[in-house]
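Undergrad: what follows is a predicted protein model with its sequence.
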Amino acid sequence: GGNYSSVFSNFAREGTAGAFTSDAEVVSVRRTAVDGAYAALRTTRRGSQRFEIPVTALAPGKTQAAQLRGYLRERYPQRDFYHVKPHAAAARRLLDIERKHPQRVRQLKIALVLSSPKHPTGKGVTTPTAAFLQFLSVLGERIDLAEWNGYRGDMGKAAEGETYYTVWRGVDIMFHVSTMLNAEQHRRLIGNDVVVCFFRDADADADADG
């Protein structure tokens with residue numbers, strides 16, 4: 001019995017570093033193979049949101065659970081999170097709940113990679129072409145990350161530079177644009193995006209490296 005959020009608060013997902021619950025949501029966290037970072041899934045009545053928790057953002061000298069709980073409290077100061085230890089039987093019940101109550105996506109990250117005939121993966125293509133810039137302007141608005149307070153699509157608070165963003169049918173969409181990212185951001189962001197769109201332009205070969 002009970003409402004959806006209260007049912008969620010009693011269970012933890014199998015194979016995670018733990019689940020952290022407040023009175024209206026649950027955050028499942030698991031360790032990734034990329035720099036030891038954590039992948040997190042936040043589920044509320046309104047939908048779900050995936051984000052990454054870098055190890056550098058965690059306070060040193062604490063247990064893993066305390067570190068993650070502290071991070072979540074700082075990220076969502078209006079919530080008070082509690083750690084729920086993983087349990088196989090509870091995990092199966094949580095997955096069953098998720099199947100019966102599909103969550104609407106409210107936020108989305110999309111990678112946009114400029115490529116060319118000689119560089120089909122976009123590697124070495126760092127200068128945007130006129131056609132690519134026009135394509136970006138159609139998809140969204142250009143924003144300055146230093147002044148941006150909205151959805152950041154795993155681009156941390158300290159991230160600088162510009163990118164593109166839009167809202168489509170109530171979904172916040174952050175674009176990870178290959179020509180606007182450095183090598184580390186390209187690997188961390190585009191390398192983990194589920195949706196990757198390639199824009200092929202022969203003119204990109206003129207300024208490509210290699």
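TA: Nice, I can see it.

Undergrad: which ones are touching the residue nearest to the spatial centre of the chain?
TA: Central residue of the chain (Cα atoms, centre = their mean): F51, 3.5 Å from the mean position. F51 makes contact with 40, 42, 154, according to Cβ atoms under 8 Å, 6 or more residues apart in numbering. In short, each C-beta sits where N, CA and C put it, glycine included.

Undergrad: can you pull out the strands in the protein?
TA: 18-21, 25-31, 38-44, 47-53, 82-84, 107-115, 141-144, 162-168, 171-177, 195-200 (DSSP state E).

Undergrad: now those in CSV, with distance to H186 and mean pLDDT?
TA: Output for these, formatted as CSV (distance: least, Cβ to Cβ, whole Å; pLDDT from 0 to 100):
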stretch, distance to H186, mean pLDDT
strand 18-21, 30, 66
strand 25-31, 22, 79
strand 38-44, 18, 82
strand 47-53, 15, 82
strand 82-84, 34, 75
strand 107-115, 9, 93
strand 141-144, 19, 94
strand 162-168, 13, 94
strand 171-177, 8, 94
strand 195-200, 11, 93
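
Undergrad: which of the ones you listed sits most buried?
TA: strand 18-21 (a mean of 24; mean count of other Cβ atoms under 10 Å).

Undergrad: for T163, see how far away Q185 is.
TA: Distance from Q185 to T163, counting by Cβ to Cβ, to the nearest Å: 10 Å.

Undergrad: same question for L72.
TA: 25 Å.

Undergrad: same check, this time on A183
TA: 16 Å.

Undergrad: repeat that for R200.
TA: From R200 to T163 the distance is 21 Å (Cβ to Cβ).

Undergrad: over to S137?
TA: 13 Å.

Undergrad: same check on T43?
TA: 26 Å.

Undergrad: returning to what we had before: need the overlap of contacts for Q185 and T163.
TA: Common neighbours of Q185 and T163 (Cβ under 8 Å, 6+ apart) are 155, 176.

Undergrad: low-confidence ranges in the protein?
TA: 1-24, 33-34, 45, 85-104, 208-210 (pLDDT under 70).

Undergrad: now the helices for it?
TA: Using DSSP state H, the helices assigned to the chain run over residues 4-8, 64-75, 88-100, 130-139, 183-188.
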